[in-house]
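*Asks:* no letters, just coordinates:
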């Protein structure tokens, strides 16, 4: 139980809550292990849950209008999903799949709501924290929406570089760049815009593309596109 409390304190939506609240929430969850490609949560299933990644990596997917699976996001250690779903009770809008062998901590909406019914002050504390983070998130989204196409795409590439980039011969590389439609979903733009912008970056000598490999010789110069 104590171990559960310790990692919950690392989760932003819980980090500012009192030890008493964290202790009770920790007692609600269950640790589960999933093998690679196992489905943890199905889109539109009836029950909702808060899912926290303890180890491994998860991917969030949706089905496109053409019937293709599209990855919309990835979750790594101590990332979480479901904070809004457990509050509004609506079905999940994505599938959550283990990208690799992973351990997760799951708190069902029913268990959390039962706790909040018994102790409403806990729900108020969590709502206050969620509101604070929502405001910060909205500010970030608003800032991103005002950027030109190059700024949007650069923001996504920088995010990927920070998470998956490696240094080779003085340059930064991403071995496996997501497909253009996935990049478009992450940037909030179209696949055509991604294609055109990446081609523009390459033409200007800012990046090199070889298959799915992305290479940036001057990372500091590239980051200036994000300002």
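*Replies:* Cool, the structure landed. Keep in mind that this is a model prediction, so the values were computed, not measured.
*Asks:* in a strand, residue 117, correct?
*Replies:* No: looking at residue 117 with DSSP: H, G, I helix; E, B strand; the rest coil, it is helix, so not inside a strand.
*Asks:* centre of the chain to stretch 151-162, how far?
*Replies:* Averaging C-alpha positions (CA atoms, centre = their mean, to the nearest Å) puts stretch 151-162 14 Å from its chain's average.
*Asks:* show residues contacting it.
*Replies:* Identification of contacts with stretch 151-162 by CB atoms under 8 Å, 6 or more residues apart in numbering yields 144, 147, 172, 174, 177-178, 183, 186-189, 193-194, 197-198, 201, 207, 214, 216, 219, 222-223, 225-226. For the C-beta atoms, the positions are set from N, CA and C on the backbone; glycine is no exception.
*Asks:* now list the buried members of these.
*Replies:* Buried by 16 or more other CB atoms under 10 Å: 147, 172, 174, 177-178, 183, 186-187, 189, 193-194, 197-198, 201, 207, 214, 216, 222, 225-226, out of these.
*Asks:* and the next helix or strand past the helix or strand bottoming out on mean pLDDT in the chain?
*Replies:* Across the helices and strands of the chain, mean pLDDT, DSSP states H and E gives its lowest value to helix 120-145, namely a mean of 70. Where DSSP states H and E defines the elements, the next helix or strand beyond helix 120-145 is helix 149-164.
*Asks:* now that next one: mean pLDDT?
*Replies:* The average of the pLDDT scores along helix 149-164 is 83.
*Asks:* what about residue 181, which SS state?
*Replies:* helix.
*Asks:* could you check how far stretch 42-53 is from the centre of its chain?
*Replies:* On the basis of CA atoms, centre = their mean, stretch 42-53 sits 14 Å off its chain's mean C-alpha point.
*Asks:* buried set for it?
*Replies:* 48, 49, 50, 51, 52, 53.
*Asks:* quick one: which of the residues you listed is nearest residue 28?
*Replies:* residue 50 (9.4 Å; CB to CB).
*Asks:* if we can go back for a sec, determine which two of the buried residues of stretch 42-53 are furthest apart.
*Replies:* 48 and 53 (17.1 Å).
*Asks:* which residues does residue 101 contact?
*Replies:* Here residue 101 is in contact with 33, 34, 35, 36, 56 (CB under 8 Å, 6+ apart).
*Asks:* out of those, which sit inside helices?
*Replies:* Among those, none falls in helices (DSSP state H).
*Asks:* buried subset of these?
*Replies:* Buried among these (16+ other CB under 10 Å): 34, 56.
*Asks:* tabulate the contacts of residue 101 (TSV), appending distance to residue 111 and pLDDT.
*Replies:* As requested, these are exported to TSV (distance: CB to CB, whole Å; pLDDT from 0 to 100):
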residue	distance to residue 111	pLDDT
33	20	97
34	20	97
35	25	97
36	28	95
56	23	95
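*Asks:* just flag the most distant two among the contacts of residue 101.
*Replies:* Most distant of those, by CB to CB, are 33 and 36, 11.3 Å apart.
*Asks:* per-residue confidence for residue 174?
*Replies:* At residue 174, pLDDT is 88.
*Asks:* and it, how far is that from residue 91?
*Replies:* For residue 174, the distance to residue 91 (CB to CB, to the nearest Å) stands at 34 Å.
*Asks:* cool, residue 151 as well?
*Replies:* 34 Å.
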